[in-house]
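Enquirer: fold the following, please.
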Amino acid sequence: MALTLQQVSDRMEIQDLLNAYAAAIDQQAFDRLDDVFTPDAFVDYTAMGGERGAYPAIKRFLQSALPALVDYYHLVGNVQIQLDGDRASGRVMCFNPLGVPVPGKPAHMMFLGLYYIDEYLRTPQGWRISRRVEERCWGHNVPAGMNAG
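Expert: Sure thing, here's the model as predicted:
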C-alpha cells in the first residue's frame, strides 16, 4: 500500500526526532531533550541498568549518570514506525558502546544492543516521544557488578 504524503512526512519527522534524541544524549545537551519528549512522558531504562519514571526525573538521571562515562554514542537504526493519526508507535534498534573510566588505564569499553519501544504523539510543536521503554538484546564486556544488561 502506498504511503500518503502526510505519512511520509510523519515518518521523516519521527526519524528526525530519534536522531535528535541520540545527538542530545551524546552531546550532553540535556535541555534539547525537552524538544524530544512530552513533558509527561514515561521512560523506562531499567532493562539496561537505568531508571524508570516521568520525563523530568529521567532527565535529571541522565544529567547525573552520563558525565561519569568517558566514551559513548547511540547509533539508532532499523526504525519501524506504525502511524495512527496523531499517534504512532515504534521499535528502534540502538547500538550503544560505553566507556567506563578506569583510574590510570584506558577506558573499559562495553557494548550494548537494545531496542527502544516507543509511543509518539503529534503536538503543536511537532512529534514527541510520549513513552519509551528499553528492551535488552545483549551486552558485551559489561564490567562485573554493573547492571547494564
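Enquirer: mind listing the helices for this protein?
Expert: With DSSP state H, the ranges of helices along the chain come out as 5-26, 55-65.
Enquirer: turn those into JSON lines, including distance to residue 118, mean pLDDT and mean neighbour count.
Expert: The C-beta positions use only the backbone N, C-alpha and C, and glycine is treated the same way. What follows is the helices of the chain, written out as JSON lines (distance: least, C-beta to C-beta, whole Å; pLDDT from 0 to 100; neighbours: other C-beta atoms under 10 Å):
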{"stretch": "helix 5-26", "distance to residue 118": "8", "mean pLDDT": "97", "mean neighbour count": "16"}
{"stretch": "helix 55-65", "distance to residue 118": "13", "mean pLDDT": "97", "mean neighbour count": "15"}
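Enquirer: can I get the ones you listed in a markdown table with distance to residue 117?
Expert: Below are the helices of the chain laid out as a markdown table (distance: least, C-beta to C-beta, whole Å):
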| stretch | distance to residue 117 |
| --- | --- |
| helix 5-26 | 13 |
| helix 55-65 | 15 |
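Enquirer: looking at those helices, which is nearest to residue 87?
Expert: Closest approach to residue 87 among the helices of the chain is made by helix 5-26 (10.4 Å; C-beta to C-beta).
Enquirer: quick one: list the elements packing against the closest one.
Expert: Contacting helix 5-26 under the criterion 3 or more C-beta pairs under 8 Å, 6 or more residues apart in numbering; DSSP states H and E are the following elements: strand 75-84, strand 87-102, strand 105-123, strand 126-140.
Enquirer: Throw those strands into JSON lines and include distance to residue 61 and mean pLDDT, thanks.
Expert: As requested, the helices and strands packed on helix 5-26 are arranged in JSON lines below (distance: least, C-beta to C-beta, whole Å; pLDDT from 0 to 100):
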{"stretch": "strand 75-84", "distance to residue 61": "20", "mean pLDDT": "97"}
{"stretch": "strand 87-102", "distance to residue 61": "15", "mean pLDDT": "96"}
{"stretch": "strand 105-123", "distance to residue 61": "16", "mean pLDDT": "96"}
{"stretch": "strand 126-140", "distance to residue 61": "13", "mean pLDDT": "97"}
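Enquirer: and residue 80, how far from residue 14?
Expert: Going from residue 80 to residue 14 by C-beta to C-beta, to the nearest Å gives 11 Å.
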